[in-house]
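Undergrad: okay, structure incoming, though there's no sequence with it:
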Ligand code: AMP
Ligand code: GLY
């Protein structure tokens, strides 16, 4: 198989690492990739939001399957583009069509979908920019604090604001509706606040059946004790100990089954990963958000715990025979700790030399924001590396990740030392 993987983060290095272990993988291209993916396959300089360039590459290089890492190419319609062109219409894309990607690309669409199919989620209402006065009136008179405001569209992970007063919510709503996040916030969803512990469930579907992958929990805030601004994620644990069989049965019956059935009922083409951002309220799971891809950094603990050959799994998705596959999980716990550039998620420096990678023992180091320059590996992003380890318990695994997080060095290195603190 010749595989093209789109993306360049820690998630994509984990994908590249796992795909390249398969005897079925004869050639792996990563576009654009990073210094880590270059050790698993060949990086190619391709803009993964340029559908025509992706199409040409896929056709010219006789690619057998395209695996999409991040949401942007999906929300940008790569599935539809390749399907529409005669020369690429037969090439499977792991990832949904535009309609499926809307579950992530539009909060309003996702809420309507959940409402229609009876999937548990926070109550909501929505306002367009043309109804700013009505939105403000609602917030001033009726909203209960805390108030959750969500830009409808993609806003680089910054589109959700939790307001602690009605005044703050009014000000935020006015800014959003007047274009704080561009077109993405011309429509805003107001949600009921849910209180509980969050976790991430990953589902692989072939459009008919589905399989549940190892469960994880990530840590989104930059600061210890879950404080400070949101990031892409600063660490992850799999499995989270509080997610037991009883809870997973509820997740499957109340959320996964109706989601898959809903996609079918709406005739949405979806062969790929569904990432359910869930919250446990009391003993019950609710959906915080859908994503149309795997999580980052969750993938860096989920794929290492997956024992199956990933290429075989993806071929089962292509051939709609996922029902005949058994998912095998490593019994051990896995954790990952993100080493970030100082200043992230705000502005940060790039191009800092990374040393100590050769001294790491007992962890897998996935590259997130790195590149090779003059024979050296240098920082090239906010999240730089993900240090993944196994252990009998997640605490054992964390001890190894923490030790290696110290061994690796670069100017401005920052990492959270409290991943798993709430478990
Ligand atoms: P999102 O960008 O949709 O992942 O949301 C970012 C974070 O906001 C989530 O991980 C939650 O911690 C929080 N959040 C979103 N919606 C709610 C809600 N309805 N109640 C409580 N917290 C929420
Ligand atoms: N770690 C959360 C995400 O990938 O969106």
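TA: Structure received. This structure is a prediction, so every number in the text was calculated from the model and none was measured. Ligands and ions are numbered 1, 2, ... in the order given.

Undergrad: only C-alpha atoms from now on, for both contacts and neighbour counts.
TA: Noted.

Undergrad: can you count the residues close to residue 139?
TA: Other residues lying near residue 139 total 21 when counted by other C-alpha atoms under 10 Å.

Undergrad: how about the one 10 residues further on?
TA: If you count neighbours by other C-alpha under 10 Å, residue 149 ends up with 24.

Undergrad: what about the strands in the stretch 51-200 of the chain?
TA: Along the stretch 51-200 of the chain, the segments classed as strands by DSSP state E, counting those that start in this stretch run 65-68, 93-94, 124-128, 147-151, 160-163, 187-191, 197-205.

Undergrad: what do you get for the stretch 201-350 of the chain?
TA: Ranges of strands in the stretch 201-350 of the chain, per DSSP E, counting those that start in this stretch, are 210-212, 217-218, 221-223, 227-230, 235-238, 272-281, 284-291, 333-341.

Undergrad: could you say what helices and strands the first one packs with?
TA: Secondary structure elements in contact with strand 210-212, counted by 3 or more C-alpha pairs under 8 Å, 6 or more residues apart in numbering; DSSP states H and E, are strand 197-205.

Undergrad: re earlier: is it possible to get CSV of the strands of the stretch 51-200 of the chain that adds distance to ligand 2?
TA: Below are these laid out as CSV (distance: least, C-alpha to the nearest ligand atom, whole Å):
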stretch, distance to ligand 2
strand 65-68, 14
strand 93-94, 17
strand 124-128, 21
strand 147-151, 15
strand 160-163, 12
strand 187-191, 19
strand 197-205, 8
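
Undergrad: quick one: which of the strands of the stretch 201-350 of the chain has the weakest pLDDT on average?
TA: Here the lowest mean pLDDT among those goes to strand 227-230, at a mean of 91.

Undergrad: near ligand 1 at all, it?
TA: No - Strand 227-230 is not in contact with ligand 1 by C-alpha under 6 Å from any ligand atom; minimum separation 7.5 Å.

Undergrad: likewise stretch 289-301?
TA: Yes - using C-alpha under 6 Å from any ligand atom, stretch 289-301 reaches ligand 1 at residue 289.

Undergrad: could you do stretch 101-112 as well?
TA: No - applying C-alpha under 6 Å from any ligand atom, one finds stretch 101-112 out of contact with ligand 1, separated by at least 8.2 Å.

Undergrad: briefly note if that stretch comes near ligand 2.
TA: No - using C-alpha under 6 Å from any ligand atom, stretch 101-112 never reaches ligand 2; the gap is at least 10.0 Å.

Undergrad: could you say which of the strands of the stretch 51-200 of the chain is packed most deeply?
TA: strand 93-94 (a mean of 26; mean count of other C-alpha atoms under 10 Å).

Undergrad: which elements pack onto it?
TA: Strand 93-94 packs on strand 65-68, going by 3+ C-alpha pairs under 8 Å, 6+ apart.

Undergrad: report the distance from the strand it packs on to the chain centre.
TA: The chain centre lies 16 Å from the centre of strand 65-68; the measure is C-alpha atoms, centre = their mean, to the nearest Å.

Undergrad: and stretch 409-423, by the same measure?
TA: 20 Å.

Undergrad: is that stretch positioned near ligand 2?
TA: No - judged by C-alpha under 6 Å from any ligand atom, stretch 409-423 stays clear of ligand 2, getting no closer than 13.4 Å.

Undergrad: so what's residue 198 up against?
TA: 217, 277-280 (C-alpha atoms under 8 Å, 6 or more residues apart in numbering).
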